[in-house]
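Novice: give me a model of this one.
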Amino acid sequence: LCSSLARLGYPVLVIDMDPQANASKTIGRQHPHEVLWTTAKLLSDKTGPFPPSPWYDTIEDDVTLIYGHISLTKVERLMMSNAMPGLALRARLEQMALGNDHIVLIDCPPSLSLLTVNALVASEACIIPLESGSKYSLDGYEDLEELIKDVKMVNNQLDVLGFLINRFDGRKKLHQAMCDVIRRRF
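Specialist: Got it, this is the predicted structure:
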């Protein structure tokens, strides 16, 4: 998605909010343990000042990255003691030197955690990925829908752009059936 948007002429910043850091390991040029500024550091470091451009180049042209890191699990536990635990990412984004044409993609963990709440609070819109080959991909949707409704009390701009069916293999009947169910439902 980041590559496609960059090819359309948009500068793209990917923020990896997942402690597994798979997005970082996929498009980054370094391992997450080799960089100074990660999402974990940005969300936990209270000393500042923060660089206005805490991102790194990636293997994709016109795509930059703020690396995810395993220490995000610790950061999430620390956030729970904050008065406003869902606002940390939003506050950091407001301090960054982003152009008006920048598209910021936030890769979330596969859970409805405080890290995901931070991403939703900082976002104008979200895209919900659904796995076509898994009958479980729709199981957590009601919980996500409820979370989005709760986040809208803090961020009334949040909108659902749509659903992204991934891992689709048209040769398999389960994939076809799940795709049909997803299309009918949404």
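
Novice: where does this structure have low pLDDT?
Specialist: 48, 83-85, 135 (pLDDT under 70).

Novice: and the helices in it?
Specialist: 2-7, 22-27, 39-44, 72-79, 88-94, 114-121, 141-151, 173-185 (DSSP state H).

Novice: residues touching the first one, excluding its own?
Specialist: Residues from elsewhere that reach helix 2-7 (C-beta atoms under 8 Å, 6 or more residues apart in numbering): Val12, Val14, Ile27, Glu60, Asp61, Asp62, Val63, Ile103, Leu105. Quick note: C-beta positions are derived from backbone N, CA and C, even for glycine.

Novice: repeat that for the fifth one.
Specialist: Counting by C-beta under 8 Å, 6+ apart, helix 88-94 makes contact with 15, 17, 39, 42-43, 50, 79, 82, 104, 106, 118-119, 121-122, 155, all of which sit outside it.

Novice: buried set for that helix?
Specialist: Buried residues in helix 88-94, defined by neighbour count with 16 or more other C-beta atoms under 10 Å: Ala88, Leu89, Arg90, Arg92, Leu93.

Novice: okay if I get the helices of the chain as JSON lines plus distance to Pro54?
Specialist: Listed next are those as JSON lines, based on distance: least, C-beta to C-beta, whole Å:
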{"stretch": "helix 2-7", "distance to Pro54": "17"}
{"stretch": "helix 22-27", "distance to Pro54": "13"}
{"stretch": "helix 39-44", "distance to Pro54": "6"}
{"stretch": "helix 72-79", "distance to Pro54": "15"}
{"stretch": "helix 88-94", "distance to Pro54": "8"}
{"stretch": "helix 114-121", "distance to Pro54": "16"}
{"stretch": "helix 141-151", "distance to Pro54": "24"}
{"stretch": "helix 173-185", "distance to Pro54": "36"}
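
Novice: Ser134 is nearest to which of those helices?
Specialist: helix 173-185 (7.2 Å; C-beta to C-beta).

Novice: can you give the distance of the closest one from its chain's centre?
Specialist: Distance, stretch centre to chain centre, for helix 173-185: 25 Å (C-alpha atoms, centre = their mean, to the nearest Å).
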